[in-house]
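Asker: Give me coordinates for this.
(one chain, ligands or ions: 2)
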Amino acid sequence: MRMCSIASGSSGNCIYVGSDDTHLLVDAGISKKRIEAGLEKLEIKGDELDGILVTHEHSDHIQGLGVFSRKYGVPIYATPGTIEGIKSSSSLGKLPDGILHPITVDEKFTLGDITVDPFAISHDANEPSGYRMECGGKAAAVATDLGIYNDYIVKKLENLDAVLLEANHDVHMLEVGGYPYHLKRRILGDRGHLSNELSGRLLCDILHDNLKHIVLGHLSKENNYAKLAYETVKLEVTLGDNPYKGEELNMQVANRDSVSEILMF
Ligand SMILES: [Zn+2]
Ligand SMILES: [Zn+2]
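Answerer: Ligands and ions are numbered 1, 2, ... in the order given. Now for the predicted structure:
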């Protein structure tokens, strides 16, 4: 399998996950042009995509969905609640008929040779979901926009080879920063975003010897920066009750503005 972050951050998200034969995007929250540029690096054309899996209807996850799907007609998969949200998002324009396919969390489905396992996440959207994808004994997951995590999430992220994991904010930067109070409450709440610390703790729970690629993503532009997210998560792993040391991890931080390296596993 391969995974590549085309863009990840509070301003726009689009992650590629694929096999030799099947090519998927998780979210299309950046412009068509930027999605195309990312796919070009992967040597894939827009019309070769087999599906776009949408996590939820917030604009940083669907911004480019209208323009991109009108051009390439790639099928879109999302929960009924997210589809509702996509349809009522006027900025997207009209989507091609029959392009939206409802899925159910915890019900696996197959696209080409990839098995997709959508899981429920705690976030302030209609019916948000994360995605685990498996092919030929390998597994990857995209887990962002998590207000909290629990045993259910840990189970969904077990035995992965690669993960794109949210490390949204530094709690102290958020607390002293310029965001209005209600927004701070929202981000810190159970249906908001995962802090760097919680991201590190979740990682401790899912670490195993074969988790070879860890990508921290969905960083807040105002309340986080790459080095801080990286060091905080690393420290949590080192201090955590597990046999791993933070510096041994193959971990990187996804960039909001540029395409990541292509991870192979
Ligand atoms: Zn969101
Ligand atoms: Zn988001």
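
Asker: which residue sits closest to Lys245, ignoring its sequence neighbours?
Answerer: Excluding its sequence neighbours, the residue lying closest to Lys245 (Cβ to Cβ, 6 or more residues apart in numbering) is Thr238, at 5.3 Å. Heads up, the C-betas are built off the backbone N, CA and C, glycines and all.

Asker: residues in contact with the one you found?
Answerer: Tyr244, Lys245, Gly246, Glu247 (Cβ atoms under 8 Å, 6 or more residues apart in numbering).

Asker: Also Ser260?
Answerer: Cys4, Ser5, Ile6, Ser8, Val215, Gln252, Ala254.

Asker: just to revisit the earlier point, quick one: which of the contacts of Thr238 has the most company?
Answerer: Among the contacts of Thr238, the one with the most neighbours (other Cβ atoms under 10 Å) is Gly246, at 19 neighbours.

Asker: Name the residues of stretch 243-257 that are buried.
Answerer: Neighbour-count burial for stretch 243-257, counted by 16 or more other Cβ atoms under 10 Å, picks out Tyr244, Gly246, Leu249, Met251, Gln252, Val253, Ala254, Arg256.

Asker: returning to that earlier point: quickly name whichever of the contacts of Ser260 is closest to ligand 1.
Answerer: Ser8 (12.7 Å; Cβ to the ion).

Asker: That closest one and Leu219 touch, don't they?
Answerer: Yes - at 7.5 Å, Ser8 counts as touching Leu219 under the criterion of Cβ atoms under 8 Å.

Asker: any residues in contact with both of these two?
Answerer: Counting by Cβ under 8 Å, 6+ apart, the residues touching both Ser8 and Leu219 are Ala254, Arg256.

Asker: Where does the stretch 151-265 of the chain get nearest to ligand 2, residue-wise?
Answerer: Using Cβ to the ion, the single residue of the stretch 151-265 of the chain nearest to ligand 2 is His218, 5.8 Å away.

Asker: just checking, that residue touches His193?
Answerer: Yes - His218 is within contact range of His193, at 7.1 Å (criterion: Cβ under 8 Å).

Asker: So which residues of this protein form strands?
Answerer: Remark: strands assigned in the chain by DSSP state E are 2-7, 14-18, 23-26, 51-53, 76-78, 100-102, 109-111, 114-120, 129-135, 138-143, 162-166, 213-217, 251-253, 263-264.

Asker: Note down every partner strand of the first one and its orientation.
Answerer: The reference is to strand 2-7. If you go by DSSP bridges, strand 2-7 pairs up with strand 14-18 (antiparallel), strand 263-264 (antiparallel).

Asker: just to revisit the earlier point, reformat the contacts of Ser260 as TSV; add pLDDT and distance to Asp113.
Answerer: Converted to TSV, the contacts of Ser260 look like this (pLDDT from 0 to 100; distance: Cβ to Cβ, whole Å):
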residue	pLDDT	distance to Asp113
Cys4	98	18
Ser5	98	22
Ile6	98	22
Ser8	98	25
Val215	98	23
Gln252	97	27
Ala254	98	25
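
Asker: May I ask which two of the residues you listed are separated the most?
Answerer: Greatest spacing in these, by Cβ to Cβ: Ile6 and Gln252 (14.5 Å).

Asker: ok and the residue in the stretch 101-250 of the chain nearest ligand 2?
Answerer: For the stretch 101-250 of the chain, Cβ to the ion, closest residue to ligand 2: Asp145, 4.5 Å.

Asker: Retrieve the pLDDT associated with the closest residue to that residue other than its chain neighbours.
Answerer: Nearest residue to Asp145 in three dimensions, chain neighbours excluded: His123, at 4.4 Å (Cβ to Cβ, 6+ apart). On the pLDDT scale, His123 is placed at 97.
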